[in-house]
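Colleague: fold the following and give me the result.
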Amino acid sequence: MSAVALGVDIGTSGARAAAVGEDGLSVGIAAVGFETPARMRDPKAWLHATGQAIAKLGATVDLSHVRHVAVAGTSGSVLAVDRNLQPLGASLMYADPVNDQGVLDHIGAVAPQDSPARGATSALARAVVLARQTGTTRILHQADFVLAHLAGTALASDETNALKTGYDPVARRWGPWIAAAGLDPQLLPEVRPAGAALAHCGPWGQELGLPKGAVLHAGLTDGCAAFLATGARLAGEGVTSLGSTLVLKLVCDRPIFDVKSGVYSHRVGDVWVAGGASNTGGAVLAELFGRSRLVSLDAMVRADQPTGLDYYPLLRPGERFPICDPNLAPRLLPRPEAESDYYQGVVEGIARIEAEAYRKLADLGAPPLINLRSVGGGARPLGFTAIRQRSLGVPFLAPISAEAAVGAARLALWQGVLA
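Modeller: Residues are numbered from 1 along each chain as shown. I've put the predicted structure just below:
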């Protein structure tokens, strides 16, 4: 099969490459894992896995007609490189905290209160630490690094990856306060809109089977790419990821920020994608019932007969969104005699939190939810889904895909067509 756009997703376990046709639908996908978990931090392992994934994809999909390429990477993962784009040691990944209080104090003193660049796990804090390495000429995000090697030269970053490093997506510029925060702005890349055409495929990309004329597009975070993969694009369309936790994203016509509850917005093309995350989710179900029991318990759900139980399912005290309270206690009592009733009461509680989260986004200025696509393991159980449908009261649509690599390919194709 032939493809017209290629997307690459660098994740925590390896790299995925996906190809899509003119209609934006996947015609093939290939994955290559890292040799060991520690290799997740090694930029050279990112390149090796990317090359292998593209080559593996090329064995089943004709890549000779690919016209557009984009790369997605983990949000907030950064590295320092020298003038030859060679990494200066390991990267600092999306969840790595910075424990240097001086760095955090400098950022906290000058960064806007609603900036995602604040805090110990911000990409900006990691960038300040990395910039101290001798020979550093540029700070890159994970997606920037892989895209630069596909081009053979340094390229611009994108507005989604740059957000947590201090980029202002409203003013569309790096924060003028970054120097005062302790980072030389000259080390930061130029920023372009996600999907913007940047360059043509370089020597390494051509070795992997991509045409010389293939256009490399500014990438995006893996979360935004996974969102785009579902097909959501209109204001009010939401995507819920039901994994260990509950993560929501909503297409908006304006940016939404609420620093208290961790809500911020990515600028993707001509729309905004606002997101929030709750600590409830699949991890609570697994802890309470055991993974092996979930399928049989879900089959006993009677969505049209609510239990009347008022639970707030959490593993431990503390909630982020829609309630921002680090001390919020789990509410999982009283427990009925029938385990099936207890299961249904817990999933009813998760569904109420999901509905309240979308209402909270609307209260903050987002459009009301008009339809929903679900991804993750929690999207599959039919009983749980029926309860969520009753709670949210909007149409549930099937996602086109849940693969971030497909979302990156769709972005490149979409922006390439618009251009």
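Colleague: tell me the domain boundaries of this protein?
Modeller: Per the record, the chain has its domains at 5-224+408-418, 232-397, by automatic domain parsing.
Colleague: from these, which stretch is densest packed?
Modeller: domain 5-224+408-418 (a mean of 21; mean count of other Cβ atoms under 10 Å). Glycine gets a C-beta too; all of them are placed from N, C-alpha and C.
Colleague: picking that back up, could the domains of the chain go into a markdown table alongside mean pLDDT?
Modeller: A markdown table is the format used below for the domains of the chain (pLDDT from 0 to 100):
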| stretch | mean pLDDT |
| --- | --- |
| domain 5-224+408-418 | 96 |
| domain 232-397 | 96 |
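Colleague: quick one, strands of the stretch 101-250 of the chain?
Modeller: Along the stretch 101-250 of the chain, counting by DSSP state E, counting those that start in this stretch, strands occupy 138-141, 157-158, 167-168, 173-174, 191-192, 197-200, 215-217, 220-221, 237-242, 246-252.
Colleague: could those be laid out in TSV, adding distance to Gly378?
Modeller: Shown next, in TSV, are the strands of the stretch 101-250 of the chain (distance: least, Cβ to Cβ, whole Å):
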stretch	distance to Gly378
strand 138-141	29
strand 157-158	29
strand 167-168	32
strand 173-174	38
strand 191-192	35
strand 197-200	37
strand 215-217	32
strand 220-221	22
strand 237-242	3
strand 246-252	8
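Colleague: what's the closest of those strands to Arg380?
Modeller: Closest to Arg380 of the strands of the stretch 101-250 of the chain, according to Cβ to Cβ: strand 237-242, at 8.9 Å.
Colleague: and the contacts of the closest one?
Modeller: Residues outside strand 237-242 that contact it (Cβ atoms under 8 Å, 6 or more residues apart in numbering): 226-227, 230, 232, 246-251, 281-282, 354, 358, 369-379, 399.
Colleague: now with 6 Å, please.
Modeller: Applying Cβ atoms under 6 Å, 6 or more residues apart in numbering, the external contacts of strand 237-242 come out as 227, 230, 232, 247-251, 369, 371-376, 378-379.
Colleague: next one: stretch 28-40
Modeller: Contacts of stretch 28-40 (Cβ under 6 Å, 6+ apart): 12-19, 45, 49, 52-53, 56-57, 60-61.
Colleague: let's see it as PDB, backbone CA atoms only.
Modeller: The C-alpha trace of stretch 28-40 is given here as PDB (Å, rounded to 0.1, in the frame of the first residue of the first chain):
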ATOM      1  CA  GLY A  28       0.200   0.900   8.200                       C
ATOM      2  CA  ILE A  29       2.000   1.200  11.500                       C
ATOM      3  CA  ALA A  30       5.200  -0.300  13.000                       C
ATOM      4  CA  ALA A  31       6.700  -0.200  16.500                       C
ATOM      5  CA  VAL A  32      10.200  -0.800  17.800                       C
ATOM      6  CA  GLY A  33      10.900  -0.900  21.500                       C
ATOM      7  CA  PHE A  34      13.900   0.300  23.400                       C
ATOM      8  CA  GLU A  35      16.400  -2.400  24.300                       C
ATOM      9  CA  THR A  36      16.100  -1.500  28.000                       C
ATOM     10  CA  PRO A  37      14.000   1.000  30.000                       C
ATOM     11  CA  ALA A  38      17.000   3.200  30.700                       C
ATOM     12  CA  ARG A  39      17.400   3.800  26.900                       C
ATOM     13  CA  MET A  40      14.200   5.900  27.100                       C
END
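Colleague: roughly how far is that stretch from the heart of the chain?
Modeller: 18 Å (Cα atoms, centre = their mean, to the nearest Å).
Colleague: could you number the chain from 307 rather than 1 from now on?
Modeller: Fine by me, first position is 307 from now on; the one you just mentioned is stretch 334-346.
Colleague: chain center to stretch 606-613, what's the gap?
Modeller: The answer for stretch 606-613 is 33 Å, by Cα atoms, centre = their mean.
Colleague: stretch 705-722 too?
Modeller: Averaged C-alpha coordinates place stretch 705-722 at 13 Å from its chain's average position (Cα atoms, centre = their mean).
Colleague: cool, and stretch 402-421?
Modeller: For stretch 402-421, the distance to the chain centre is 22 Å (Cα atoms, centre = their mean).
Colleague: one more: stretch 317-327?
Modeller: 14 Å.
Colleague: can you give me the helices for the stretch 357-506 of the chain?
Modeller: Along the stretch 357-506 of the chain, counting by DSSP state H, counting those that start in this stretch, helices occupy 407-416, 429-436, 448-457.
Colleague: what comes into contact with the shortest one?
Modeller: Contacts made with helix 429-436 from outside it, assessed by Cβ under 6 Å, 6+ apart, are listed as 382, 384, 386, 398, 404, 409, 413, 423, 445, 470-472, 488-489.
Colleague: that one versus helix 407-416: what angle between them?
Modeller: Helix 429-436 runs at 140 degrees relative to helix 407-416, counting by axes from the mean of the first three to the mean of the last three Cα atoms, to 10 degrees.
Colleague: tell me which residue lies nearest the centroid of the protein.
Modeller: The centre of the chain sits closest to Gly529, judged by Cα atoms, centre = their mean, with a distance of 1.3 Å.
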